[in-house]
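S.K.: Can you look at this prediction? I've put the sequence above it.
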Amino acid sequence: MRLDIISIFPEYFAPLDVSLIGKARERGTLDVRVHQLRDWAYDVHRTVDDTPYGGGPGMVMKPEVWGEAIDAVIGASAVPGGARGGGHVQGSDEDEGRDGGEARATPQASAPGSVVPPPVAPGTDAPGTVEPGTVEPAGVEPGTGASATVASGTPVLPRMIVPTPSGRPFSQELAQELAQEPWLLFACGRYEGIDSRVMEEYSGRLRVDEVSIGDYVLAGGEVAVLVMVEAIGRLLPGVLGNAQSVVDDSFAPGSMENLVEGPVYTKPPVWRGREVPAVLLSGHHGNVARWRRDEAIRRTVRNRPELAAALDPAKLDKHDRKL
Ligand code: 6GU
């Protein structure tokens, strides 16, 4: 799967070099490319925002800059010859502050430890091809969006995700849907958001979803994208060591659907006088499964009463109902 991320803070994505996602990138399962939005700004201050029409607090991200950035990343000019190598985190813009106008006009250095790409002039970045071998093998669902069918080396279009607290809720179900896509583009807004015409414009060409990770407000979409990339990435074939752990996930479809996971234990059997529940040491798989379901239901009732209330009564047996 190819992931492009456009942000004014590429250094937020350094964690994608480590752990499961980092390994998946090393293996080539995931091709992550982080782009500095300011590379497509056109004034000496590399301005990306301006005051909102209609008044009000804060700043709004400018449509022209986003348009140039997205066009370059998706290869709107259909430049043949394939995309640049992945694995780099571009940029090291340390600017904070809400004016957005203090950036140096010189190109930024790559993050320490990342692969340094050849310098690329703003607006000529990564064309929209998916290299052979970076795409899931044939047989992968072509996705539910507007993207063209994937064949190795054939240009396709990404599905675009815009993180915003006003978006549709992110969920395990949406993570599973997005994990089927060959190419995702995350457009990280800051300030009060991105000029809405950008989403309108690309909705005509790409599948565009505004997505929220929960009912609270973050300073920008970057952390939300990290959350989504981790949730999606761990679902890709071969990313998790044990495929069963995906099946057993809280919220995963199946017999434990809509239940959160119960408690887990490991050795030693007694720690500070606290014993591991005997059933887990019994070797009786049926009893273990029953116990796990009971504990999942108890924990769902306690921690997620709204989920418990919405459980389908037809899917609860007599034993469940007593809990
Ligand atoms: Cl996706 N973005 C921002 N800025 N805040 C959020 C969010 C996203 N999801 C919840 N809060």
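M.R.: Received, thanks.
S.K.: count of residues packed around Tyr42?
M.R.: 12 (other Cβ atoms under 10 Å). Any C-beta I mention is one placed from the backbone N, CA and C, and that applies to glycine too.
S.K.: How about Arg304?
M.R.: Neighbour count for Arg304, taken as other Cβ under 10 Å: 15.
S.K.: In this structure it contacts Val260, no?
M.R.: Yes - the criterion here is Cβ atoms under 8 Å, and Arg304 meets it with Val260 at 5.9 Å.
S.K.: who's in contact with Val162?
M.R.: Taking Cβ atoms under 8 Å, 6 or more residues apart in numbering as the contact definition, Val162 lies against 186-187, 189, 194, 199, 208-211, 221.
S.K.: any residues in contact with both of Arg304 and Val260?
M.R.: Listed as contacting both Arg304 and Val260 by Cβ under 8 Å, 6+ apart is no residue at all.
S.K.: Out of the contacts of Val162, which is nearest to the ligand?
M.R.: Of all the contacts of Val162, Gly221 has the smallest distance to the ligand: 4.5 Å, by Cβ to the nearest ligand atom.
S.K.: Please identify the helix or strand for the residue lying closest to Leu30 once chain neighbours are set aside.
M.R.: Taking Cβ to Cβ, 6 or more residues apart in numbering, and ignoring the residues beside it in sequence, Leu30 has Ala24 as its nearest neighbour in space, at 4.2 Å. Per DSSP states H and E, Ala24 falls inside helix 19-27.
S.K.: helices or strands next to the helix or strand following that helix in the packing?
M.R.: Moving toward the C-terminus from helix 19-27, the next helix or strand (DSSP H and E) is strand 31-36. If you count contacts as 3 or more Cβ pairs under 8 Å, 6 or more residues apart in numbering; DSSP states H and E, strand 31-36 packs onto strand 2-7, helix 19-27, helix 63-74.
S.K.: Now do strand 31-36 against helix 19-27, angle only.
M.R.: Interaxial angle, strand 31-36 versus helix 19-27 (axes from the mean of the first three to the mean of the last three Cα atoms, to 10 degrees): 100 degrees.
S.K.: Show me what counts as buried in strand 31-36.
M.R.: 31-36 (16 or more other Cβ atoms under 10 Å).
S.K.: What mean pLDDT does the helix or strand just after it get?
M.R.: Next along the chain after strand 31-36, taking DSSP H and E as the criterion, comes strand 49-50. Strand 49-50 comes out with an average pLDDT of 97.
S.K.: Can you tell me what sits against strand 49-50?
M.R.: Outside strand 49-50, the residues that touch it by Cβ under 8 Å, 6+ apart are 59-62, 100, 190-191.
S.K.: Take the residues you listed and keep only those in strands.
M.R.: 60-61 (DSSP state E).
S.K.: how many other residues sit next to the nearest residue in space to Phe251 that is not next to it in sequence?
M.R.: Nearest non-adjacent residue to Phe251, counting by Cβ to Cβ, 6+ apart: Gln172, 3.8 Å away. The tally of other residues near Gln172 (other Cβ under 10 Å) stands at 16.
S.K.: likewise Val247?
M.R.: 12.
S.K.: can you check Leu218 too?
M.R.: 16.
S.K.: what do you get for Gln244?
M.R.: Using other Cβ under 10 Å, Gln244 has 9 neighbouring residues.
S.K.: By neighbour count, which of the contacts of Val162 wins?
M.R.: Gly221 (31 neighbours).
S.K.: isn't it right up against Gly189?
M.R.: Yes - Gly221 is within contact range of Gly189, at 5.3 Å (criterion: Cβ under 8 Å).
S.K.: No further queries at this time; thank you.
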